[in-house]
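Trainee: predicted coordinates and the sequence they were generated for:
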Amino acid sequence: MKVIGLMSGTSLDGIDAALCEISGSGPSLSAKVLDFVCTPYEPELRGRILRACSGDAQVAEIALLNVELGEVFAAAAQNLIKKHGPVDLIGSHGQTICHLPASCATLQIGEAAIIAARTGTIVVCDFRPRDLAEGGQGAPLVPYVDFTLLRSETKNRVICNIGGIANCTILPANCTLDEVRAWDTGPGNMVIDACAQELFGVPFDKNGELAAQGNPASWFYGDMGRLHPFFNRQPPKSAGREEFGAAFAAGFHRENRDPHDILAEVTWITAHSIANSLRDHGGISEGWQLILGGGGARNSTLVKMLSEELPGVEILRHEDVGIDSDAKEALAFAILAVETMNGVATSVPGVTGARKSAVLGKIVPV
């Protein structure tokens, strides 16, 4: 079946839309990305989303933003439909503006009813609340897809997506779904981008070129828990702007020091928190494969720091194993939507901490 996956992550870059051909279910599922388009958010809209994420927006603002984003998400899907023809299903993650797993609360906006109305297509949305209702973190949800598409019978693998937040999926060779482990490791590009914007007036540090000109302060090489208690928490755990948003980033970019050093420091924090988490909780060692995706995979300085932190680990990109890195997250929610329609449980209790696995998502009919 032809399915469109829609995703906008914590980096707030824009809406990823992937047109996918998906067949089968469970271990026999196969998926191929036919087309992919990223529609950047207009700066003014991105600013209003950030305001909603910060908690400064009024209820009416969020309600209106939900409608507006519904139209923007629908337009992203319509662009693919106009180009390739009708599809059978749409899976929309929406835009997270609040995620508080300790309180069983999460909120993704981008009204799915509008997407269904504009496209004439069934939409699956709101994937996270059911896992939260079962006592889980509501994240990460992509490990089911990592297991389905990237598990190897002979290779020990870690799949690491470095988006706004970084997360990893541990796939020991020939593992079962119950043996999969995954969690958020901490900030990905979120703090790096914020510091690049404040210190250099650029949206992000392209290829890590600015960070490469600086040096991290030596005091960082100690207990990461001094920076934020999240780093010392045991999995399952998930993070967002609540932990590593504007307030956390301001602690760095407001310092009166060489801005290149500051950018090098926050880049190192991302690399070290990933590597540290994999060593402490993932059992990763020499001979494993670390497969990188997300915008951070294109940051050469970050990748270099990771390779220095994890000697003997083979570092690859999603493209090296046949997956389009840019389209991966949108593809994931297309797959999750299909499994929702199939009645297949895709949450992984060993990953999220939920009491049991569950069928995720809400179905919006045409």
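Mentor: Everything's here; your move.
Trainee: what's the helix or strand containing Lys82 packed up against?
Mentor: When elements are assigned from DSSP states H and E, Lys82 belongs to helix 59-84. For helix 59-84, the packing partners by 3 or more CB pairs under 8 Å, 6 or more residues apart in numbering; DSSP states H and E come out as strand 2-8, strand 14-23, strand 30-40, helix 43-54, strand 89-100, strand 105-109, helix 112-119. Where you see a C-beta, it was placed from the backbone N, CA and C, and this is true even at glycine.
Trainee: rerun that using 6 Å as the cut-off
Mentor: strand 2-8, strand 14-23, strand 89-100, helix 112-119 (3 or more CB pairs under 6 Å, 6 or more residues apart in numbering; DSSP states H and E).
Trainee: now the third one against strand 2-8, angle please.
Mentor: For strand 89-100 against strand 2-8, the angle between stretch directions is 20 degrees (axes from the mean of the first three to the mean of the last three CA atoms, to 10 degrees).
Trainee: now the angle from strand 89-100 to strand 105-109?
Mentor: Interaxial angle, strand 89-100 versus strand 105-109 (the same axes, to 10 degrees): 130 degrees.
Trainee: please work out the angle formed by the directions of strand 89-100 and helix 59-84.
Mentor: Going by the same axes, to 10 degrees, strand 89-100 makes 150 degrees with helix 59-84.
Trainee: mind listing the strands strand 89-100 pairs with, and their directions?
Mentor: Applying DSSP bridges to the sheet, strand 89-100 is found paired with strand 2-8 (parallel), strand 105-109 (antiparallel), strand 123-125 (parallel).
Trainee: now what about that strand, what contacts it?
Mentor: Contacts with strand 89-100, where a contact means CB atoms under 6 Å, 6 or more residues apart in numbering, come from 3-8, 52-53, 69, 73, 77, 106-110, 112, 115, 121-125, 240, 333-334, 336-337.
Trainee: do the same with the first one
Mentor: For strand 2-8, the surrounding residues in contact (CB under 6 Å, 6+ apart) are 15-20, 22, 73, 77, 80, 87-93, 95, 329-331, 333-334, 338.
Trainee: can you check the second one too?
Mentor: Outside of strand 14-23, the residues that reach it under the criterion CB under 6 Å, 6+ apart are 1, 3-8, 30-41, 73, 76, 80, 84, 327, 330-331, 334, 338.
Trainee: again, only using 8 Å
Mentor: 1-9, 29-41, 72-73, 76-77, 79-80, 84, 87, 324, 326-327, 329-331, 334-335, 338 (CB atoms under 8 Å, 6 or more residues apart in numbering).
Trainee: put the buried members of the residues you listed into a ChimeraX selection.
Mentor: Selection command for ChimeraX covering only the buried members of the contacts of strand 14-23, criterion 16 or more other CB atoms under 10 Å:
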select :2,3,4,5,6,7,8,9,29,31,33,36,37,38,39,41,72,73,76,77,79,80,87,326,327,329,330,331,334,335,338
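Trainee: give me the phi and psi angles of the residue of the chain most remote from its centre.
Mentor: Most distant from the centre of the chain: Asn256, at 31.8 Å, with distances by CA atoms, centre = their mean. With angles defined as degrees, to the nearest 10, Asn256 sits at phi -90, psi 70.
Trainee: now do the same for it: its pLDDT.
Mentor: Note on Asn256: pLDDT of 87.
Trainee: surely Val351 and Asp184 touch.
Mentor: No - in terms of CB atoms under 8 Å, Val351 does not count as a neighbour of Asp184; the distance is 10.6 Å.
Trainee: now do the shared contacts for those two.
Mentor: In contact with both Val351 and Asp184: Pro140, using CB under 8 Å, 6+ apart.
Trainee: neighbour-wise, which of these two wins?
Mentor: A count of neighbours by other CB atoms under 10 Å puts Val351 above the other of Val351 and Asp184, at 30 against 26.
Trainee: that older thread, mean pLDDT and distance to Arg317 added to the helices and strands packed on helix 59-84, as JSON lines?
Mentor: Formatted as JSON lines, the helices and strands packed on helix 59-84 follow (pLDDT from 0 to 100; distance: least, CB to CB, whole Å):
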{"stretch": "strand 2-8", "mean pLDDT": "99", "distance to Arg317": "19"}
{"stretch": "strand 14-23", "mean pLDDT": "98", "distance to Arg317": "17"}
{"stretch": "strand 89-100", "mean pLDDT": "97", "distance to Arg317": "22"}
{"stretch": "helix 112-119", "mean pLDDT": "99", "distance to Arg317": "31"}
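Trainee: for Ala173, find the nearest of those.
Mentor: strand 14-23 (25.6 Å; CB to CB).
Trainee: ok, back up a step: how about the helices and strands packed on helix 59-84, which one is nearest Ala196?
Mentor: Short answer: strand 14-23, nearest of the helices and strands packed on helix 59-84 by CB to CB, at 17.1 Å.
Trainee: what lines up beside the closest one in the sheet?
Mentor: For strand 14-23, using DSSP bridges, the partner strands are strand 2-8 (antiparallel), strand 30-40 (antiparallel).
Trainee: so what touches the longest one?
Mentor: With contact meaning CB under 8 Å, 6+ apart, strand 30-40 is reached by 2, 13-24, 72, 75-76, 79-80, 83-84, 149, 324, 326-327, 330-331, 334-335.
Trainee: quick one: pLDDT of Asp13?
Mentor: 89.
Trainee: residues near it, how many?
Mentor: 20.
Trainee: correct me, but it touches Tyr41?
Mentor: Yes - counting by CB under 8 Å, Asp13 does reach Tyr41; the two are 7.2 Å apart.
Trainee: returning to what we had before: TSV for the strands paired with strand 89-100, including distance to Val202?
Mentor: Converted to TSV, the strands paired with strand 89-100 look like this (distance: least, CB to CB, whole Å):
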stretch	distance to Val202
strand 2-8	21
strand 105-109	28
strand 123-125	33
